[in-house]
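> Kindly generate the corresponding structure for this input.
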Amino acid sequence: MTLRDFFNQRLKRHPDKPFLYFENRILSYEAFDAKVNQAANGLVYLGVSPGDKVSLMLPNVPEFLFLWFGLAKIGAVMVPVNPRFKVQEAGHVVAHSDSVGLVVDRERLSVGRKIKADTDALGWIGCIEDPAETGSDTVVALEPLFRSMPLREPSSTVRDDDLIQIIYTSGTTGFPKGVMHTHRDMTLTGEAFQLCAGLTSEDRVMVVLPLFHANAQYYSTMGALAAGAGLVLVRKFSAGLFWEQAVRHRATQFNFVGAVGRILCGRPESEFRPDHRIRTAYGALVTPDVYEHFTRRFKIVNVIDGYGLTEVPRVSQNPIGGRIKMRSMGLPAPHPDPGVTFAQVKVVDNRGETLSAGDKGELIIRSPVMMKGYYKDARRTREAVRDGWFYSGDYVYRDADGYLFFVDRKKDIIRKRGENISAAEIEAVINSSPKVLENAVIAVPSELGEDEVMACIVLKKDAVMTPEEIVSLCKSRLADFKVPGRIAFLDALPKTATERVAKHILRKAFST
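A predicted model of the protein is given here:
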């Protein structure tokens, strides 16, 4: 069904139930819907029509949700933009997506104005806060505009296979690709995540990942909505404030990426609040040490390791309440409706032939929530989707029980002495040291014209470690050709806005 119908079903069941928690604000399902309707009517007033694209360059604030749901109600298309982007990066997304409007906050208004000056198709800029000196007739103060709009839902005809958003992948080379998703993709994924995380209407899902990212949208927001649960929105992830926020809002579930998990485990014990209510944490590539820390120290009952992509969300997971296999991506993700065939997976070789258990190959996926394609990029769509299967670019293997295990990204495979080396395998060994906070292994050029293995390491506070200790640790667990030939100790690793290591920045820095 459409997002509008999906939300309206929950609204009818419990209009007075709190839905959105943000700092000191609480909005019921009914109050949230009123804000969405005002945003939808305001967008129509600005001339936004069904099928039009509007870019949202915002941090985690309620207005992002009002606009996302408001655009969906009128059949328009959301284009989320990383709020940390500079003019060139954000301008590419706005221009490539053919956005007719761009919404920013006051902090990003100057960036928006520069984009507007260079983008002919961009009709207006909306600021969610009072922009003070607008400096241009095209800057619209959205808060007073929306406040003046009717509370009723605007009339529109929207279908579940209509486009709901174009979400741009964070490309490591060149500009990112625009992934097209429909209303049905969002609602089906939300239902699947509700099952994955065991969410009920009594839960409160805390969003610490950015809303412009698929995880926070398809899993946290849509999962909470599917369950009729509450949504706790955090402006941005702060390890120092995490437990206080969780306790204050009585959160019961949150999602994290690898770096966030390791950062929480490395924080001072004085910050931890044993009176928290979190019972489920969903992450990706959860290492055994993080799993143990979350379950034993933090007393989180369910720590789920799962896998999904911007192009195909909700692919696999370790089953909640079922058998957990460390370092596994789990089993293909189901949908609560047994009549819905959800994630189907294969592990194939370079010729597309299915491999046997234990053999490493590329993961390909077929799913009802697979993207419609890359926007205005038929060539790369054909390369990624073949015969109805999405080629992930991830190397994995399947064990005898059907559990998937991640090996590495194709682009992170290091070639040395005629061997393919997994960066993830070496990172796991280095992370096993109690002195290491996090690390990233990359390929750098060697004097022999092949790849050399380089480890970029961040130590825990006050920890001291030598390159020789790293080499010794790796030699004890890895073949000699996998042992890093170069080692750098850094104060921090460069990160994307979703807290993933920006390896392309490291490669550029250490390959010149």
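> which regions of the stretch 101-250 of the chain sit below the pLDDT cut-off?
Applying pLDDT under 70 to the stretch 101-250 of the chain flags residues 133-137, 170-175.
> And the helices in it?
Applying DSSP state H, counting those that start in this stretch to the stretch 101-250 of the chain gives helices spanning 109-118, 142-147, 183-197, 214, 222-227, 242-248.
> JSON lines for those, including distance to residue 89 and mean neighbour count?
No exception for glycine: its C-beta is placed from N, CA and C like everyone else's. What follows is the helices of the stretch 101-250 of the chain, written out as JSON lines (distance: least, CB to CB, whole Å; neighbours: other CB atoms under 10 Å):
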{"stretch": "helix 109-118", "distance to residue 89": "10", "mean neighbour count": "19"}
{"stretch": "helix 142-147", "distance to residue 89": "23", "mean neighbour count": "17"}
{"stretch": "helix 183-197", "distance to residue 89": "25", "mean neighbour count": "26"}
{"stretch": "helix 214", "distance to residue 89": "18", "mean neighbour count": "24"}
{"stretch": "helix 222-227", "distance to residue 89": "27", "mean neighbour count": "26"}
{"stretch": "helix 242-248", "distance to residue 89": "28", "mean neighbour count": "19"}
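> nearest to residue 496, of those helices?
helix 214 (12.9 Å; CB to CB).
> what does the closest one contact?
167, 308, 310, 313 (CB atoms under 8 Å, 6 or more residues apart in numbering).
> One more: stretch 37-53?
54, 63, 66-67, 69-71, 73-79, 97-101, 123-124, 126, 140, 142, 145-147, 149-154, 156-158, 162-163, 166.
> Next, residue 425: secondary structure please.
Using DSSP: H, G, I helix; E, B strand; the rest coil, the structure places residue 425 in helix.
> That one reaches residue 484, doesn't it?
No - at 12.0 Å, residue 425 does not count as touching residue 484 under the criterion of CB atoms under 8 Å.
> Now stretch 160-180: buried residues?
160, 162-168, 170, 176-180 (16 or more other CB atoms under 10 Å).
> Alpha carbons of the lengthiest helix in the chain, as CSV, please.
Secondary structure of the chain per DSSP state H: the longest helix is helix 29-45. Presented in CSV, the C-alpha positions along helix 29-45 are these (Å, rounded to 0.1, in the frame of the first residue of the first chain):
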residue,chain,number,x,y,z
TYR,A,29,-0.2,10.0,15.8
GLU,A,30,-3.0,12.5,15.3
ALA,A,31,-0.8,15.6,16.0
PHE,A,32,1.9,14.2,13.8
ASP,A,33,-0.6,13.7,11.0
ALA,A,34,-1.8,17.3,11.3
LYS,A,35,1.8,18.5,10.8
VAL,A,36,2.2,16.3,7.8
ASN,A,37,-1.1,17.5,6.3
GLN,A,38,0.0,21.1,6.7
ALA,A,39,3.3,20.4,5.1
ALA,A,40,1.5,18.6,2.2
ASN,A,41,-0.8,21.5,1.7
GLY,A,42,2.1,23.9,1.9
LEU,A,43,3.9,22.0,-0.8
VAL,A,44,0.9,22.1,-3.1
TYR,A,45,0.7,25.9,-2.4
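> and after it, which helix or strand comes next?
strand 53-57 (DSSP states H and E).
> Surely residue 15 forms part of a strand?
No - assigned with three-state DSSP, residue 15 falls outside any strand and is coil.
> Count the neighbours of it for me.
Using other CB atoms under 10 Å, the number of residues around residue 15 comes to 14.
> related to what we said a few turns ago, out of the buried residues of stretch 160-180, which sit inside strands?
163-168, 178-180 (DSSP state E).
> will you turn these into CSV that also has distance to residue 291?
Shown next, in CSV, are those (distance: CB to CB, whole Å):
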residue, distance to residue 291
163, 38
164, 34
165, 33
166, 35
167, 29
168, 32
178, 35
179, 30
180, 35
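> The one residue sitting closest to the centre of the chain: what's its closest spatial neighbour, skipping adjacent residues?
Geometric centre of the chain, nearest residue: residue 215, 3.5 Å, by CA atoms, centre = their mean. Excluding its sequence neighbours, the residue lying closest to residue 215 (CB to CB, 6 or more residues apart in numbering) is residue 209, at 5.1 Å.
> Thought residue 256 was touching that neighbour, still the case?
Yes - look at residue 209 against residue 256 with CB under 8 Å: they come within range, at 7.4 Å.
> And residue 465, its phi and psi?
Backbone torsions for residue 465, taken as degrees, to the nearest 10, come to phi -150, psi 150.
> Quick one: residues contacting it.
Going by CB under 8 Å, 6+ apart, the list of residues near residue 465 reads 433, 435-436, 457, 459, 489.
> if we can go back for a sec, so which of the helices of the stretch 101-250 of the chain comes closest to residue 408?
Nearest of the helices of the stretch 101-250 of the chain to residue 408, taken as CB to CB: helix 214 at 21.1 Å.
> ok now the closest one, how far from the chain's centre?
On the basis of CA atoms, centre = their mean, to the nearest Å, helix 214 sits 4 Å off its chain's mean C-alpha point.
> Do you know the pLDDT at residue 93?
As predicted, residue 93 sits at a pLDDT of 93.
> Quick check: it vs residue 106, distance?
To residue 106, residue 93 is 20 Å away according to CB to CB, to the nearest Å.
> now residue 28
Residue 28 is 28 Å from residue 106, by CB to CB.
> again with residue 205
Distance from residue 205 to residue 106, by CB to CB: 28 Å.
> how about the strands in the stretch 401-512 of the chain?
Using DSSP state E, counting those that start in this stretch, the strands found in the stretch 401-512 of the chain span residues 404-409, 413-416, 419-422, 436-445, 451-459, 486-489.
> Kindly report the same for the stretch 251-400 of the chain.
Under DSSP E, counting those that start in this stretch, the stretch 251-400 of the chain gives strands at 253-255, 280-283, 302-307, 316-317, 328-332, 344-348, 361-366, 373-374, 385-386, 389-398.
> Turn these into a markdown table, columns for mean pLDDT.
Output for the strands of the stretch 251-400 of the chain, formatted as a markdown table (pLDDT from 0 to 100):
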| stretch | mean pLDDT |
| --- | --- |
| strand 253-255 | 97 |
| strand 280-283 | 96 |
| strand 302-307 | 94 |
| strand 316-317 | 96 |
| strand 328-332 | 96 |
| strand 344-348 | 98 |
| strand 361-366 | 97 |
| strand 373-374 | 97 |
| strand 385-386 | 96 |
| strand 389-398 | 94 |
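> Tell me how many other residues surround residue 301.
What residue 301 shows, counting by other CB under 10 Å, is a neighbour count of 13.
> Look up the closest residue to it, ignoring the ones flanking it.
What sits nearest to residue 301 in space, not counting adjacent residues and going by CB to CB, 6+ apart, is residue 279, at 4.9 Å.
> wouldn't that neighbour be in contact with residue 298 here?
No - with contact defined as CB under 8 Å, residue 279 and residue 298 do not form a contacting pair (10.6 Å).
> Show me the domain layout of this structure.
Residue ranges for the domains of the chain, per automatic domain parsing: 3-14+25-174, 417-510.
> for those, which one sits closest to residue 265?
Here domain 417-510 is closest among these (CB to CB), at 8.9 Å.
> Need the phi and psi values for residue 399.
Per degrees, to the nearest 10, the backbone of residue 399 is at phi -90, psi -180.
> tell me the pLDDT at it?
pLDDT at residue 399 comes out at 97.
> Report the contact partners of the nearest residue to it once chain neighbours are set aside.
Distance criterion CB to CB, 6+ apart; nearest residue to residue 399, sequence neighbours excluded, is residue 357 at 6.0 Å. Each residue near residue 357 by CB under 8 Å, 6+ apart is listed here: 397-400.
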